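# Test case, fold it:
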Amino acid sequence: MIGTYVTLLNGKDPFREKKENTLIYDYTHELDFISWFFGKIKDVVAKKTTLGSLKLQAKPNMVQMILSMASGALVQVHMDYIQHPQRRIFEIYGDKGTLSYDFMSGEIRYFTFGKDHNWQSLDVIPLMERSDDLFRSEHAVVLTSYVWRAKSIIYGEESLVSFRMAQMAIDAASINELSVKAGVVGIN
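This next block holds a predicted model:
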């Protein structure tokens, strides 16, 4: 889940307000996480909308996706340019426990089930002092590999997977948008 009006506030140009679907492309890293944890995507169902009357308004400013993974997992993704303050959370639920990472606080929370399916334990692991540390680390890796001609930790082919997933979501949301509009026209 990513909810961030801050991205629009911090933008240096009106690109996000002029180009459609920037929300999905801005946050392809969320799709990277999903691929890393669950593997290949099989199917995407998505809806998109533009809500509210905020001063800065990207179109759409809210997207919901349900991804069916080849592994059988179902993944729900929420993205918006509405929430302020920003929230960014990644959670995995399973029959043995729950893993939750809050990007803003930098904490991982891990809950496990006991034998009677009661919560057995809660572990909280702080990973960083500030949320910006992730970006600093990412920039350091990119600059180091450029300056020293070192091998990158991610290659262009791998990043294309996220863009393909983003395009699948945009296509799915556009199809849903068209079918809804067609249904409304059919009623009138």
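
# Break down the chain into its helices, ranges please.
Shown for the chain, the helices assigned by DSSP state H span residues 6-10, 15-18, 22-26, 28-38, 133-147, 156-187.

# Most tightly packed of the ones you listed?
helix 22-26 (a mean of 21; mean count of other CB atoms under 10 Å). C-betas here are computed from N, CA, C, even on glycine.

# pLDDT on it, on average?
What helix 22-26 shows for mean pLDDT is 90.

# going forward can the numbers begin at 623, since that is how I track them
Got it, first residue is 623 now, which makes that one helix 644-648.

# what does that helix rub up against?
With CB atoms under 8 Å, 6 or more residues apart in numbering as the test, helix 644-648 has contacts from 629, 637-638, 680, 682-685, 701-703, 785, 788, 791-792.

# Point to the residue nearest the middle of the protein.
Per CA atoms, centre = their mean, the C-alpha nearest to the average position across the chain is that of E652, at 3.1 Å.

# In this structure that residue contacts M701, no?
Yes. In this structure, E652 is within contact of M701 by CB atoms under 8 Å, at 7.0 Å.

# which residues do those two both contact?
If you check E652 and M701 against CB under 8 Å, 6+ apart, the residues they both contact are I624.

# Low-confidence stretches in the chain?
Along the chain, the model assigns pLDDT under 70 to residues 739-743, 749-754, 756, 772-780, 798-810.

# so what's G633 closest to, chain neighbours aside?
L678 (7.8 Å; CB to CB, 6 or more residues apart in numbering).

# How much space separates that neighbour from V666?
Distance check for L678 against V666: by CB to CB, to the nearest Å, it reads 27 Å.

# what about the nearest residue to A692 once chain neighbours are set aside, neighbour count?
The shortest distance from A692 to any non-neighbouring residue, by CB to CB, 6+ apart, is to K662 (4.3 Å). Neighbour count for K662, taken as other CB atoms under 10 Å: 10.

# Check M701 too.
Around M701 there are 24 residues (other CB under 10 Å).

# and it, bridged to which residues?
I624, V685 (DSSP bridges).

# quick one, what contacts it?
Contact analysis of M701 by CB under 8 Å, 6+ apart lists M623, I624, G625, L645, I646, Y649, E652, M684, V685, M687.
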